[in-house]
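Enquirer: Need the 3D shape of this:
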Amino acid sequence: MVAFANSAGGRMIIGVDDKTRSPVGIKNPLDEEERLCNLIADSISPRLVPNVEMTTIEGNTLLMVDVFLSGSRHIAPRDDL
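Expert: Numbering: from 1, shown residues only. Next comes the predicted model:
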């Protein structure tokens, strides 16, 4: 998401199989949406506010995360902190 915000923006779709690119869905989508938003708020500075929405495709619930180009440089969280 930081790379998207630092470049031209982009969309991340959670709940899609990486190999087949078919929707597999996520369990507990409301909990996962809240967890994702909390991770973003706690881990990225300056604050990044993507648009997070749920959608259903072929009976599977996916999370769609739209990240917009930012006027500020975002810093990715560091593992060594």
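Enquirer: What about Glu34, how many residues nearby?
Expert: Neighbourhood size, Glu34 [other Cβ atoms under 10 Å]: 12. All C-beta spots, glycine's among them, are computed from the backbone N, C-alpha and C.
Enquirer: Hmm, I typed the wrong one, I wanted Met64.
Expert: Per other Cβ under 10 Å, the neighbour tally for Met64 reads 16.
Enquirer: All the strands of this protein, in order from the start?
Expert: Ranges of strands within the chain are 10-14, 51-57, 60-67, based on DSSP state E.
Enquirer: strands paired with the second one, and their directions?
Expert: Sheet pairing for strand 51-57, assigned by DSSP bridges, gives strand 60-67 (antiparallel).
Enquirer: Just the C-alphas of the partner strand, formatted as CSV.
Expert: This file holds the C-alpha atoms of strand 60-67, laid out as CSV (Å, rounded to 0.1, in the frame of the first residue of the first chain):
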residue,chain,number,x,y,z
ASN,A,60,-17.2,-15.2,-2.1
THR,A,61,-16.6,-12.0,0.0
LEU,A,62,-13.5,-10.0,-1.0
LEU,A,63,-11.9,-6.9,0.4
MET,A,64,-11.1,-4.2,-2.2
VAL,A,65,-8.5,-1.7,-1.0
ASP,A,66,-8.1,1.4,-3.2
VAL,A,67,-4.9,3.4,-2.4
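Enquirer: from here on, count from 2
Expert: Okay, using 2 as the starting number, the last item reads as strand 61-68.
Enquirer: list the buried ones in that strand?
Expert: Buried residues in strand 61-68, defined by neighbour count with 16 or more other Cβ atoms under 10 Å: Thr62, Leu63, Leu64, Met65, Val66, Val68.
Enquirer: I'd like the distance from it to the chain centre, please.
Expert: Distance of strand 61-68 from its chain centroid, counting by Cα atoms, centre = their mean, to the nearest Å, is 7 Å.
Enquirer: right, and Gly10 touches Gly72 too?
Expert: No. Using Cβ atoms under 8 Å, Gly10 is not in contact with Gly72, being 11.9 Å away.
Enquirer: Of the strands of the chain, give the one that comes closest to Asn29.
Expert: Closest approach to Asn29 among the strands of the chain (Cβ to Cβ): strand 61-68, 9.4 Å.
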